[in-house]
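*Asks:* Pasting the sequence and the predicted coordinates here, then a few questions.
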Amino acid sequence: MEMKKIWALLAVATLAMTAGCGQKSDDEMMMEALAKSGAKAAVPMGTASVAGKVTVTGKVPAAALFSVDADPVCKAQHSGMVKEETVIADAKGDLKNVIVYVKEGAGAYPAPTTPVTLLQKGCMYQPHVFALQVNQPIEIVNGDPTLHNVHCMAQINDSFNVGQPNQGMITEKKFTKPEMPVPFKCDVHGWMHCFAGVFNNPFFAVTGDDGSFKIGGLPAGSYTLVAWQEKYGESAPQKIDIKDGEAKAVNFTFTAN
């Protein structure tokens, strides 16, 4: 009789546990799944944003010109000499191709599955400066009917050196660790180079033609932001405190040298 009571109590306890599991929220179940997989939970996205401009003061030298005539395929895609892209600024000093990012204060976030595309077209890298997240795919595309050699000179991540002899070839890679910056070059065409920033969160932006940027989705908190430009390096850091739904203005200035 005692044994029957014990089995009955065990059955009730099992039913209660099963019912309790059925009542768990999606967040609780996600946390359990993350714990079992050994992954870390991402910090939720927020509603705050930071926007501004990056400018350069002083006399910016005119962009140097170079010839691509060494490869007839490259030559055929340009009407003459090609402008060097190390510093691109308009008459007001608005600076293009600057990576602005949260250096301190952000948590880790899962990578997007949508790949970033690095295109080789006209024997130039497009874009010249870009950013992506850790473990986000990058598709490197040969858009030219000539040989390109993609040489990634990462220091923290694994470097790679891949030949793409045919137009339309696509090489997919991922970076597994944050690194800033990651230089690329083409060993076939010495003038070809570009830079990537790799981050463990989505809080970064690359300035456009007018030097502007915007970083959205920030949770409320305290952050340190910096700007990086391939010639001028990293700016002085700027610290901000931001609330939910708040939009803050942050500007960066480099000095031409």
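*Replies:* Yep, that arrived. Numbering: from 1, shown residues only.
*Asks:* where along the protein do the helices fall?
*Replies:* Secondary structure of the chain (DSSP state H): helices located at 2-22, 26-37, 72-76.
*Asks:* Which parts of this protein belong to which domain?
*Replies:* Following automatic domain parsing, one gets these domains for the chain: 2-37, 48-255.
*Asks:* what would the ones you listed look like in TSV with mean pLDDT and mean neighbour count?
*Replies:* Just so you know, the C-beta spots here come from the backbone N, C-alpha and C atoms, and that holds for glycine as well. Output for the domains of the chain, formatted as TSV (pLDDT from 0 to 100; neighbours: other C-beta atoms under 10 Å):
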stretch	mean pLDDT	mean neighbour count
domain 2-37	43	10
domain 48-255	97	17
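*Asks:* center of this structure - which residue?
*Replies:* Central residue of the chain (C-alpha atoms, centre = their mean): Leu132, 2.0 Å from the mean position.
*Asks:* can you give me the strands in the stretch 51-200 of the chain?
*Replies:* Using DSSP state E, counting those that start in this stretch, the strands of the stretch 51-200 of the chain run over residues 65-66, 82-83, 99-104, 116-121, 124-126, 129-133, 138-142, 148-152, 160-164, 170-173, 179-186, 193-199.
*Asks:* Same list (the ones you listed) but as TSV, adding distance to Ala249.
*Replies:* TSV is the format used below for those (distance: least, C-beta to C-beta, whole Å):
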stretch	distance to Ala249
strand 65-66	36
strand 82-83	31
strand 99-104	12
strand 116-121	27
strand 124-126	30
strand 129-133	21
strand 138-142	31
strand 148-152	35
strand 160-164	39
strand 170-173	36
strand 179-186	23
strand 193-199	22
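*Asks:* that older thread, excluding chain neighbours, give the residue nearest to the residue nearest to the centre of the chain in space.
*Replies:* Excluding its sequence neighbours, the residue lying closest to Leu132 (C-beta to C-beta, 6 or more residues apart in numbering) is Val116, at 4.5 Å.
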